[in-house]
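Colleague: I'll drop the sequence and a predicted model, then ask my questions.
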Amino acid sequence: MEYKILDLTARIGAELSPPSAGDLLITGFTTLEMAGKNDLSFVSSAKYRSQAEKTKAAAVIVPLDMDLPGKVLLKTAQVWQSVIAMLDIFYPEVAPTGKIHDTAIVHESARMGKSVTIGPMSVIESGAEIGDGAIIGALCYIGRNAKIGKGVLVHPQVSVMDDCIIGDRVILHPGAVVGSDGFKFEVINGLPVKIRQVGRVVVEDDVEIGSNTCIDRASFTETRIGRGTKIDNLIQIAHNVEIGPYCMMAAQVGIAGSTKIGAGCIFGGQVGIKDNIQIGNKVMLGAQSGVAQDIHDGMQMFGSPAMPAREGIKIAMALKHLPELMQTIRDLKKRIEILEEKEKKE
């Protein structure tokens, strides 16, 4: 499919430079490195200017304040919003069929909304509700009395267990498990005994949950993921955890039970958080931070144990010099011993 650059410019409300390039034909949209002579690409900041200058792309989407001599530019105040628009044009998503596959098993008491798509060999248990326009991929499991909202996308091999609630426009990536049992055991007569978990998980609207992420059901009440929160792959969220709206968490974060997390927090990869603590709003945690105590609103923390980021980074940098420092201490110790021996002889 070919598109005139002038038409693409109009789609994103950008400014074309030079205006005379309006008839230029574009056949693809890709990265600066991969772009060819008929492709459109993009650069989000001055950090990538050198790559933009070398690209073979026919045209480049750039911020308003960027100029690239000799290049056809689409200037915009929102580069990433423009990227989203171009992805929809050049890489359109497959439209749902609105059909239930012949091999899917849907209980007679389950309620289906309008234009629901259910893939091969998926199971929808009794009392489950699937909202309008939802897509359930192949080999999925939707438990008893679970509720799936409108426009939800459930990728293959996802499990949403009994009584859990998934809001509207949620995306669940392959292998995600919502509502697995919380890890609760008590030692009775010297042996670990399982304590059943009878609560649920509530995932609010516009949440995205990555592949192989597990969110445990609450002991009695609910584990809750706030509206608009984005959760990466391989994350563990334990029972009774509450996560506020619009948080972002990178891969392999682990949050222990009953911890409360505020709104707008950002956690780097492999952050570990202790049980039964509170983390305020807009807290930032650097990768591999270990959190064992409450954190107030707006704090930036790093390290294990987590500490104010500036201090944590200084310590991390100092650790690189630890071998030389230890050798210096050993050398000084020897010199002191020699001086002390000399004093004794005198």
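Modeller: Cool, the structure landed. Numbers count the residues shown, from 1 in each chain.

Colleague: the helices in the protein, which residues?
Modeller: With DSSP state H as the criterion, the chain has helices at 5-12, 49-54, 79-90, 309-319, 322-345.

Colleague: from memory I195 sits against K184, does it?
Modeller: Yes. The pair I195 / K184 is scored as a contact, 4.2 Å apart, by Cβ atoms under 8 Å. Where you see a C-beta, it was placed from the backbone N, CA and C, and this is true even at glycine.

Colleague: which neighbours do the two share?
Modeller: Common neighbours of I195 and K184, using Cβ atoms under 8 Å, 6 or more residues apart in numbering, are S219.

Colleague: buried sites along stretch 171-187?
Modeller: Residues I171, L172, H173, P174, G175, A176, V177, V178, G179, S180, G182, K184 are the ones in stretch 171-187 that count as buried (16 or more other Cβ atoms under 10 Å).

Colleague: Which member of those is positioned nearest L68?
Modeller: Relative to L68, the closest of those is I171; by Cβ to Cβ it sits at 34.9 Å.

Colleague: Could you check how far the closest one is from Q236?
Modeller: From I171 over to Q236 the distance is 19 Å, taken as Cβ to Cβ, to the nearest Å.

Colleague: Tell me where the model's unsure across the stretch 51-200 of the chain.
Modeller: The stretch 51-200 of the chain contains no residues with pLDDT under 70.

Colleague: Apply 80 and report the result again.
Modeller: Along the stretch 51-200 of the chain, segments meeting pLDDT under 80 span 94.

Colleague: Which residue comes closest to A316 once chain neighbours are left out?
Modeller: Setting aside the residues directly before and after it, A316 is nearest to G303 in space (Cβ to Cβ, 6 or more residues apart in numbering), at 6.8 Å.

Colleague: Give me the neighbour count for the one you found.
Modeller: Applying other Cβ atoms under 10 Å, we find 20 residues neighbouring G303.

Colleague: just Y48 next, same as before
Modeller: 16.

Colleague: Kindly report the same for the one 3 residues further on.
Modeller: For Q51, the neighbour count with other Cβ under 10 Å is 13.

Colleague: picking up where we left off before, so which of the buried residues of stretch 171-187 is the closest to M112?
Modeller: M112 has its nearest neighbour among the buried residues of stretch 171-187 in L172, at 18.0 Å by Cβ to Cβ.

Colleague: would you turn the helices of the chain into CSV with distance to M161?
Modeller: Shown next, in CSV, are the helices of the chain (distance: least, Cβ to Cβ, whole Å):
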stretch, distance to M161
helix 5-12, 42
helix 49-54, 46
helix 79-90, 32
helix 309-319, 37
helix 322-345, 47
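
Colleague: For E242, find the nearest of these.
Modeller: helix 309-319 (24.5 Å).

Colleague: hang on, the earlier thing: in strands, which of the buried residues of stretch 171-187 fall?
Modeller: Per DSSP state E, strands hold the following members of the buried residues of stretch 171-187: I171, L172, V177, V178, G179, S180.
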